[in-house]
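*Asks:* structural data only, the sequence is not supplied:
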């Protein structure tokens, strides 16, 4: 018995513990089908990526203010969304995240894009995390608004948006699925504002790809709802009750069409006290990530 104890101690000391691997943010190059130029997209790999074979994948589509050339402008994508939460706020969200940058197209003269500076880009700190930006202030009162089916935009959403690069987005998904440890049954799609419109569009055109979608402050056109209902693609949409940029009244036509088509899993949340920046609350919370992770194809 005395000789057994040193042997057991030796075996225990020789066991190799599983090492903790920090989260990584990679830049992946590709040639865009929109202009045949090289661009990059962000790829976030969660902590201990190497210890798991089947990671859920989340494709994030940003808003109008974060457009750019996909190279030195790419860091603007860090301003909002799940990439801000994971990389800047250092939250341990269990997703591989693809975060591309929409081309500038003809939007470079829009005031809030033309006048932006790199000082607005949040920085990942060596120690701790930076304070969150305050909510946008809105002077609008909370009020119930009836639906309006006379939608100001068509099924492709706002002009020069994500549908212009849908081929790029699908190519990114397929590239990452082929090269990384992705669970193909757990592909999720989310986006804010321009990216909310893009989420509806891409979710409709490729309903068979995704396990669930989360469009924020961008409504879906009723013409997009057929494939979403047919594939029973779970939807949780968000609007702001005080949003003057994308008023809540335009959301109801698409949401009601989904229910009319018999979709069994439609969720629609109106943050009545918020304006356009509903994404700050949604992505900073836990609910949307937990909800997405319930679903597999």
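*Replies:* Cool, the structure landed. Because the structure is predicted, anything quoted here is derived from the model rather than measured.

*Asks:* longest strand in the protein, please.
*Replies:* Taking DSSP state E as the criterion, the chain has its longest strand at strand 182-192.

*Asks:* helix or strand next in line after it, which one?
*Replies:* Using DSSP states H and E, the helix or strand that follows strand 182-192 towards the C-terminus is helix 194-205.

*Asks:* which residues sit against that next one?
*Replies:* 60-64, 81, 102, 153, 155-158, 161-163, 166, 169, 189-191, 210, 213-221, 224-228, 233, 235, 237, 246, 254 (Cβ atoms under 8 Å, 6 or more residues apart in numbering). For the C-beta atoms, the positions are set from N, CA and C on the backbone; glycine is no exception.

*Asks:* sorry, back to before: now the angle from the longest strand of the chain to helix 194-205?
*Replies:* Computed by axes from the mean of the first three to the mean of the last three Cα atoms, to 10 degrees, the angle separating strand 182-192 from helix 194-205 equals 130 degrees.

*Asks:* same for strand 182-192, what does it pack against?
*Replies:* Applying 3 or more Cβ pairs under 8 Å, 6 or more residues apart in numbering; DSSP states H and E, we find strand 182-192 packed against strand 55-61, helix 166-179, helix 194-205, strand 212-216, helix 287-292.

*Asks:* tell me the contacts of residue 90?
*Replies:* Residue 90 sits next to 23, 124, 129 when contact means Cβ under 8 Å, 6+ apart.

*Asks:* ok, the last one touching residue 88?
*Replies:* Pointing back at residue 129 there. Yes: using Cβ atoms under 8 Å, residue 129 is in contact with residue 88, at 6.7 Å.

*Asks:* so which of these two has more stuff around it?
*Replies:* residue 88 (19 against 12; other Cβ atoms under 10 Å).

*Asks:* mind pulling up the pLDDT for the residue nearest to the more buried one when sequence neighbours are not counted?
*Replies:* Spatial nearest neighbour of residue 88, chain neighbours left out: residue 122 (4.6 Å); criterion: Cβ to Cβ, 6 or more residues apart in numbering. Turning to residue 122, the model gives it a pLDDT of 95.

*Asks:* how many neighbouring residues does residue 122 have?
*Replies:* Neighbour count for residue 122, taken as other Cβ under 10 Å: 17.

*Asks:* now for the closest residue to residue 75 other than its chain neighbours: which residues touch it?
*Replies:* Excluding its sequence neighbours, the residue lying closest to residue 75 (Cβ to Cβ, 6+ apart) is residue 121, at 4.8 Å. Residues in contact with residue 121 (Cβ under 8 Å, 6+ apart) are 75-76, 78-79.

*Asks:* tell me where the model's unsure across the chain.
*Replies:* Within the chain, the segments meeting pLDDT under 70 span 1-19.
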